[in-house]
Each structure stands twice: as structure tokens, then as C-alpha cells.
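1. Generate a structure from the sequence data that follows.
(2 chains)
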Amino acid sequence: MILKRNIMKKKPNKIKESAADYAAKIFKAKKDFHKEQAKLPIEEKIKILIELQKIVLKTQKQERGETIRQVWKI
Amino acid sequence: MRKTLQIIDRMHKEGLFKKYAIGGGIASLFYIEPIATFDLDIFVILPKSEEVLLSLSPLYDWLREKKCKLVKEHIVIEGIPVQFIPVYNELVKEAVLKAVRKKYEGISTFVLKPEYLMAIMLDTNRAKDRERIVKMSDEAEISADLLNKILTAHGLLTAYNDFKKKYYEKETK
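-> Numbers count the residues shown, from 1 in each chain, chains lettered A, B, ... in the order given. Got it, this is the predicted structure:
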């Protein structure tokens, strides 16, 4: 509730940032997010990798037809 | 992956190779956020690596006995396509010799250090290698001192400086 009230208090016309500064802040946040992802335990990363493999193969099959690549069976 | 690593470690203990280490995309995964990759690269120092002609036959024969199937240039071990790559130059050999022990689900294995991975990527220099160098620089904990020593020793310092100039010029201005 406190958070919601604080958000409500902020008026858009009071933002004095330039678009470039705002974008820089977004990119910095993205970079920090990737850094945090890099700290995940390897076991978690392998789980994500398998999900990524599924997505890549699905896209490749749609675009190029069959592929010899396979999702890891672990 | 657990069983795959156990089998690879068993191969090492049975003397099929003197030393091994995970390289490529999976090694990167230990240091950066997950990236899509499909094979497990294992760099190996073979027992007779000093000879001009080396053979991977003993490795593949051993694995075929364990019912592992060959699929193109990979051998599928417990559901994972593995590629055994004999060390092909001094940089890769040194990288394997200096690999670090890491654990995966309690299984101990060897993984290339991030600084060696970066040097190998710089040497290989494919599009995906360049992409991974940027990710390693941004996300991994890299010892600038060690990286510098490796790059200098293997004649890659100029290539690295050129790379930094190309990819980070705007940020360093």
C-alpha cells in the first residue's frame, strides 16, 4: 500500500530527466540484471539452457524444417 | 548432465586422456548468464599428444562399448551430444592444464578459467565468439592481470586491444 501511494504521488510532469538519461538508466538496469543472472547456480542455468534449446529448435523447425539438433535429454 | 560428467570423469580415471576440461558454450555458462548451446565441448590432452598423428579411436571405442551413439561429429553420452577436442595449440593446452575444479550437482569436473576462455574465443574469432567475449567482459569476474599475461604470452594482446577499441570505444570515450 505504501508503495502504491508513493507511486501515486509522482506526477509525470515533474520528471526532469532527458530521454537519453532515462534510456541510459534503463540500459544500466538491464546490464545489472544480466550480471545477476550470471551469478545463478550452474544447475539453474542448465535448466534455463534446456528451455532455451526448446525455443531455438522450435523456431529453427518452423523456419528451416527438420534439424539434427536435439534438446538435451537429462 | 550429472551422469554425462560422471562418465567423462571415469574415462579420465581409466587413462583415456591425461587431462580434460569443459570448454566452449557450457564452460561460459559457469561464468555468464545462460546462452543457447547444444553440445558439450571437452578439451582433452591425450596420452600420446606429443605425436604428430593422434587418435580419438580409444575414446570412441570405449564409449561405443557403453552403448553411446555417434551422431555426426558428436557422441551422445546420457542424452548430451559431446565433442572431444584434442588440444590443438599451446594456448588450449595451457588452458586445460590450468583448468579449475567446479561442481555440478555434487559431481566434480574441470572447467576452463574465464580468462583462458576469452583468449581462446579471441583466437577462434567466430561471430559467436565475439558475442561471448563481450558477455564475459560484462558479466564474469575476470582477472585483468591474468588475462593480460595470457594474451601477451600467446600473441593476442593486439587483437584484444583492437577488439576493445571496436566494441567498447563509445563507452570508454
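
2. Show me which residues of chain B are close to chain A?
-> B:1-4, B:29-38, B:71-72, B:78-81, B:102, B:104-105, B:135, B:138-140 (Cβ under 8 Å from any Cβ of the partner chain). From N, CA and C alone the C-beta is placed, and that goes for glycine too.

3. Helices - which of those residues land there?
-> Within these, residues falling in helices by DSSP state H are B:2, B:3, B:4, B:29, B:135, B:138, B:139.

4. how far away is the third one from residue A:22?
-> Distance, residue B:4 to residue A:22, by Cβ to Cβ, to the nearest Å: 46 Å.

5. More neighbours: which of those two?
-> Neighbour totals were compared for residue B:4 and residue A:22, and residue B:4 leads with 23 against 11 (other Cβ atoms under 10 Å in any protein chain shown).

6. wait, doesn't that one sit right on residue B:82?
-> Yes - if you go by Cβ atoms under 8 Å, residue B:4 and residue B:82 touch, sitting 6.7 Å apart.

7. got any ranges where the chain has weak pLDDT?
-> Just so you know, I chose chain A. Where chain A drops to pLDDT under 70, the residues are A:1-15.

8. Wait, chain B was what I had in mind.
-> B:49-53, B:170-173.

9. Can you show me the strands along it?
-> Ranges of strands within chain B are B:19-23, B:40-45, B:69-71, B:74-77, B:80-86, B:100-104, B:107-111, based on DSSP state E.

10. Among those strands, which comes closest to residue B:124?
-> strand B:19-23 (10.4 Å; Cβ to Cβ).

11. Buried only: go through the residues of chain B next to chain A for me.
-> Buried members of these, counted by 16 or more other Cβ atoms under 10 Å in any protein chain shown: B:1, B:4, B:29-35, B:37-38, B:78, B:80-81, B:102, B:104, B:135, B:139-140.

12. so what's residue B:72 up against?
-> residue A:68 (Cβ atoms under 8 Å, 6 or more residues apart in numbering or on different chains).

13. mind listing what the nearest residue to residue B:119 once chain neighbours are set aside touches?
-> Spatial nearest neighbour of residue B:119, excluding adjacent residues (Cβ to Cβ, 6 or more residues apart in numbering or on different chains): residue B:150 at 4.8 Å. The neighbours of residue B:150, taking Cβ under 8 Å, 6+ apart as the test, are B:91, B:94, B:115, B:116, B:119, B:156.

14. quick one, what contacts the residue most central in space within chain B?
-> Most central in chain B under Cα atoms, centre = their mean is residue B:23, positioned 1.5 Å from the mean C-alpha point. For residue B:23, the contacting residues are B:41, B:42, B:43, B:85, B:92, B:95, B:112, B:117, B:120, by Cβ under 8 Å, 6+ apart.
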